[in-house]
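In: A predicted structure for the sequence below; I have some questions about it.
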Protein chains: 2
Amino acid sequence: MNEHVHPSADLTKNQSLVMGALTKSDGPLSAYTILDQLREHGFRAPLQVYRALDKLVEFGMVHRLESLNAFVACRHPDCDDHETIAFMICETCGLVSEISDNALANRLKLLAGETRFALKKTTIELRGICRNCQTA
Amino acid sequence: MNEHVHPSADLTKNQSLVMGALTKSDGPLSAYTILDQLREHGFRAPLQVYRALDKLVEFGMVHRLESLNAFVACRHPDCDDHETIAFMICETCGLVSEISDNALANRLKLLAGETRFALKKTTIELRGICRNCQTA
DNA sequence: CGCAATCTTGTAATGAGATAACGTCACATC
DNA sequence: GATGTGACGTTATCTCATTACAAGATTGCG
Ligand SMILES: [Zn+2]
Ligand SMILES: [Zn+2]
Ligand SMILES: [Zn+2]
Ligand SMILES: [Zn+2]
């Protein structure tokens, strides 16, 4: 049905290990943090992590956060639109939430269209303090 | 009147040199590219560049592009809103254009407000091919 | 002026993020 | 069995950014 879906059963060993590390984590992880966590499983070099991450991002299972140089497991409530996702990143607790908003996506497409800009990829990252961390 | 304005007259020597390099450039420059360009002016270490860049970004004269790890001189048509700027980055020619769109900014503020997220900084970077580069 | 506070600079070393280049192995296909 | 493909392992190297420490310059008093 959907050729983009890539169930975890199809993941290679290294990809599964990296995916597992990201899924277990509360927040985003850097490639080198993942590497350290997986040394006990035989990982020795950054490239092993980066290669797995490349695939996982390609499969849509992991997102890269440009403003953090880090990666996070997809926690989409519903994975329709992987084109225009906004991330809210709490600078206190590291919580990352994904927003897929049509109005936002349409506005961006409109703005790009006005100047005939062929949009390929959008990066939207909101930095701030999440609700929980404010009360503290 | 506006304490955020920081005219170029007030810039230090290093800040002026870095600002000059960015202004002369067509597109964004990495810190190390700037360093290389300024070696003839006495620059020896990355930190000299990064310190100047920090200030220039603080003054609102330079923007950092997170998805490129690079910096670009502000080319705002009108510098009202430095809070919510969107960048369109051509992956072919490197052209960067800034968009300050109220509808976009308001939508993001609304989305943040819905979850009581205290928004501090937004990063919006659109990657694609600009009008000129498509015809080619 | 004398002195402290602050800001800017210079320099070296190091940390953090990412890729290039090479060879090997497992597996599917013909 | 030859061949193509994709994942894997290893080393080295590259790019990006910061820490730590010392030296000058500048400002603002008392
Ligand atoms: Zn997602
Ligand atoms: Zn939080
Ligand atoms: Zn600007
Ligand atoms: Zn272009």
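Out: Yep, that arrived. Residues are numbered from 1 along each chain as shown, chains lettered A, B, ... in the order given. Ligands and ions are numbered 1, 2, ... in the order given.

In: Which pLDDT value goes with the nearest residue to residue A:118 once chain neighbours are set aside?
Out: Leaving out its chain neighbours, the residue that sits closest to residue A:118 by C-beta to C-beta, 6 or more residues apart in numbering or on different chains is residue B:129, at 4.3 Å. Every C-beta, even on glycine, is put in place using the N, C-alpha and C of the backbone. Reading off the confidence values, residue B:129 has pLDDT 96.

In: What is the neighbour count of residue B:129?
Out: Residues lying near residue B:129 (other C-beta atoms under 10 Å in any protein chain shown) number 18.

In: just checking, it touches residue A:117?
Out: Yes. The pair residue B:129 / residue A:117 is scored as a contact, 7.3 Å apart, by C-beta atoms under 8 Å.

In: So for those two, which residues contact both of them?
Out: Listed as contacting both residue B:129 and residue A:117 by C-beta atoms under 8 Å, 6 or more residues apart in numbering or on different chains are residue B:90.

In: center of chain A - which residue?
Out: residue A:63 (1.6 Å; C-alpha atoms, centre = their mean).

In: Extract the C-alpha set from the helix or strand containing it and format it as CSV.
Out: Residue A:63 is located in strand A:62-65, with elements delineated by DSSP states H and E. Provided in CSV are the C-alpha atoms of strand A:62-65 (Å, rounded to 0.1, in the frame of the first residue of the first chain):
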residue,chain,number,x,y,z
VAL,A,62,13.8,9.2,12.7
HIS,A,63,14.1,13.0,12.4
ARG,A,64,17.2,15.1,12.4
LEU,A,65,17.0,18.3,14.5
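
In: Next SSE downstream of it?
Out: With elements assigned by DSSP H and E, the helix or strand that comes after strand A:62-65 is strand A:70-73.

In: coming back round to it: distance of the residue nearest to residue A:118 from residue B:100?
Out: Using C-beta to C-beta, to the nearest Å, we find residue B:129 at a distance of 22 Å from residue B:100.

In: same check, this time on residue A:18
Out: 38 Å.

In: Residue A:125 pairs with what?
Out: Counting by DSSP bridges, residue A:125 is bridged to residue A:87, residue B:123.
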